[in-house]
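**Q** Prediction below, plus the sequence it came from.
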Amino acid sequence: MNNRPVNLSRRRFVAGLASSGVLATCGALLPAYARAATWGVAGPLSLRAAGEPIDLRVHRQDVAIGERIGRMVAINGSVPGPLLRLQEGEDLTIRVHNTLTEDTSIHWHGLLLPFQMDGVPGVSFPGIAPGTTFSYRFPVRQSGTYWDHSHSGMQEQLGLYGPIIIDPAGEDPVAFDREHVIVLSDWMFDNPHHVMAKLKKQSDFDNLRVHHSKPVKAWVEERKDKIELFYLPSYSPELNPEERLNADLKQAIYTKVPVRTKAKLKTAATEHMQALENSPERVK
């Protein structure tokens, strides 16, 4: 492998990002470790002394994604949150300042720690109320790559997550030339609570919308002489008419006054099916 540094100025680096659309997508909201114009870290990078407290501020922030604006939950001005570089064996203190108008929390995924510090509201602690600060204190008992994320509402889906690197107490047993921190996620402009509600009623809701969208159908039509496309029955109303019928029924039941008993649910479903007899074109 050729690990020689590449002569890439910051101006050329930023220009390259802009031309590829990356800069327009993320802008200055990227954390520092993702903005650095380097070809990886040549060795362990310590930005703080072991045991030095870490302060994290949770807040709302707008970010441009393509030509639209997404309203995210950020940590210290970035999504994903800043890289937490820790040292195995240190006694860690992380102060989380909640500037949101709702409760928040941070769970340290995969870390061995006292249950009171696990960061799961309603299980290990009550959560962090708006305008308050909670101090996580625990010894770092391991090394490796981990991540942190919120366990409050849908804040993780809105951007409250970040990477954790814990350097081993002794010599690193893994030899490497360069170290890269890569965090992958996705983003939907739909309210995550609405997305979850749709998934609970019909797990393939968005698959249907994509498979039968005009751009996808046009793409398939242009290549029909080169490819033969099959849809699994569970995703295709053309092959499984009951799927569209089920979706219509679920939507109708959901938009009515909520039913609380099996008997009322059966009555509501029966009434809807009887109505369909007079307008069968709804599910064709």
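**A** Looks like it arrived, so ask away. Every value quoted in this text rests on a predicted model; they were computed, and no experiment measured them.
**Q** Against which helices or strands is the strand or helix carrying Lys266 packed?
**A** Lys266 is located in helix 262-278, with elements delineated by DSSP states H and E. Packing partners of helix 262-278 (3 or more Cβ pairs under 8 Å, 6 or more residues apart in numbering; DSSP states H and E): helix 241-255. All C-beta atoms are positioned from the backbone trio N, CA, C, and that covers glycine.
**Q** Now the helix it packs on: average pLDDT?
**A** For helix 241-255, mean pLDDT rounds to 60.
**Q** for the strand ranked longest in the chain, packing partners?
**A** Taking DSSP state E as the criterion, the chain has its longest strand at strand 54-65. Where contact means 3+ Cβ pairs under 8 Å, 6+ apart, strand 54-65 is packed against helix 22-26, strand 68-75, strand 91-98.
**Q** now the angle between strand 91-98 and the second one, please.
**A** Computed by axes from the mean of the first three to the mean of the last three Cα atoms, to 10 degrees, the angle separating strand 68-75 from strand 91-98 equals 140 degrees.
**Q** Could you quantify the relative orientation of strand 68-75 and strand 54-65 as an angle?
**A** Going by the same axes, to 10 degrees, strand 68-75 makes 170 degrees with strand 54-65.
**Q** Which strands or helices does strand 68-75 pack on?
**A** For strand 68-75, the packing partners by 3+ Cβ pairs under 8 Å, 6+ apart are strand 54-65.
**Q** quick one: contacts of the strand it packs on?
**A** When contacts are defined by Cβ atoms under 8 Å, 6 or more residues apart in numbering, strand 54-65 is touched by residues 24-27, 29, 48, 69-77, 79, 81-82, 84, 92-100, 104, 106, 128, 150, 160, 187, 189.
**Q** Report the buried members of those.
**A** Of all those considered here, the ones buried according to neighbour count by 16 or more other Cβ atoms under 10 Å are 26, 29, 70, 72-76, 79, 81-82, 84, 92, 94, 96-98, 100, 104, 106, 128, 150, 160, 187.
**Q** Give me the neighbour count for Lys224.
**A** When counting by other Cβ atoms under 10 Å, one arrives at 9 neighbours for Lys224.
**Q** SS state for it?
**A** Put simply, Lys224 is coil when judged by DSSP: H, G, I helix; E, B strand; the rest coil.
**Q** Tell me how far it lies from Ala218.
**A** Relative to Ala218, Lys224 is positioned 11 Å away (Cβ to Cβ, to the nearest Å).
**Q** if we can go back for a sec, can I get the CA coordinates of the helix holding Lys266 in CSV?
**A** Extracted in CSV, the C-alpha atoms of helix 262-278 (Å, rounded to 0.1, in the frame of the first residue of the first chain):
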residue,chain,number,x,y,z
LYS,A,262,-61.4,-6.4,19.8
ALA,A,263,-65.1,-6.2,19.4
LYS,A,264,-65.0,-2.5,18.3
LEU,A,265,-62.0,-3.2,16.0
LYS,A,266,-64.0,-6.0,14.4
THR,A,267,-67.0,-3.7,14.0
ALA,A,268,-64.8,-0.9,12.4
ALA,A,269,-63.2,-3.3,10.0
THR,A,270,-66.5,-4.8,9.0
GLU,A,271,-68.0,-1.4,8.3
HIS,A,272,-65.1,-0.5,6.1
MET,A,273,-65.2,-3.7,4.1
GLN,A,274,-69.0,-3.2,3.6
ALA,A,275,-68.2,0.4,2.3
LEU,A,276,-65.7,-1.1,-0.1
GLU,A,277,-68.5,-3.1,-1.7
ASN,A,278,-69.9,0.1,-3.0
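**Q** buried sites along that helix?
**A** For helix 262-278, the buried set under the neighbour-count rule, 16+ other Cβ under 10 Å, comprises Ala268, His272.
**Q** just stretch 86-93 next, same as before
**A** For stretch 86-93, the neighbour count (16+ other Cβ under 10 Å) marks Leu86, Gln87, Glu88, Gly89, Glu90, Leu92 as buried.
**Q** will you turn those residues into CSV that also has pLDDT and distance to Arg178?
**A** Below are those laid out as CSV (pLDDT from 0 to 100; distance: Cβ to Cβ, whole Å):
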residue, pLDDT, distance to Arg178
Leu86, 94, 20
Gln87, 93, 21
Glu88, 94, 22
Gly89, 93, 25
Glu90, 94, 25
Leu92, 95, 27
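**Q** Columns distance to Val123 on top of these, output as JSON lines?
**A** JSON lines is the format used below for the buried residues of stretch 86-93 (distance: Cβ to Cβ, whole Å):
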{"residue": "Leu86", "distance to Val123": "23"}
{"residue": "Gln87", "distance to Val123": "28"}
{"residue": "Glu88", "distance to Val123": "26"}
{"residue": "Gly89", "distance to Val123": "27"}
{"residue": "Glu90", "distance to Val123": "26"}
{"residue": "Leu92", "distance to Val123": "21"}
